[in-house]
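Q: take a look and give me a structure for this.
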Amino acid sequence: MRKIIRNAIQCKHCGDTIESVNVHDYVTCSCVACGVDDGQDYLRRSYKKSPEEDFSDLSEYADISPCTPGEMLKEEFLIPRKVSLLSLMLKTDIPGYELETVMDGTGRIDKNMADQLADYFNNTSEFWMNLQKLFDEDKMKLQKG
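A: Residues are numbered from 1 along each chain as shown. Just a heads-up that it's a prediction; the model follows:
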């Protein structure tokens, strides 16, 4: 996966290099032939004729590892609710070693664990299964290059 670290273009008409640093800080070149917006969240461009005719892309990216289901579980569910791994293990009957492998990124969320997490966090097992599926897909994309 790639993360935007610089959102910039160079106008082919006036030569200005313009960069968007934050969301909704729309910036145009001095001849107003092209513009850039939305910082590091996503790339938004404006142009008069076509991207090929109006600007050169100068954006920079960094490769990042996909978020593991364990990271999501920890950061979005356990920490905000002040739930320990031991407490989750005891209240869900998920074996500790299974939770630990999911947390360290070496294990997977299976249907049984997804059902138990959904019951505990009051969401759906599909949420947890999709989280695992998306992680697996992102991991495959990285391995393929």
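
Q: isn't R2 up against D63?
A: Yes - with contact defined as Cβ atoms under 8 Å, R2 reaches D63; the gap is 6.0 Å. (C-beta placed from N, C-alpha, C; glycine too.)

Q: would you mind giving the domain segments of this structure?
A: Per the record, the chain has its domains at 2-63, 69-144, by automatic domain parsing.

Q: and whichever helix in the chain runs longest, how far from the chain's centre?
A: Longest helix of the chain, by residue count under DSSP state H: helix 125-144. Chain-centre distance of helix 125-144: 12 Å, with Cα atoms, centre = their mean, to the nearest Å.

Q: please apply the same query to stretch 53-63.
A: Its chain's C-alpha centre and that of stretch 53-63 lie 20 Å apart, by Cα atoms, centre = their mean.

Q: ok so, going back, buried set for the longest helix of the chain?
A: Under the neighbour-count criterion of 16 or more other Cβ atoms under 10 Å, helix 125-144 has 125, 128-129, 131-132, 135, 138 buried.
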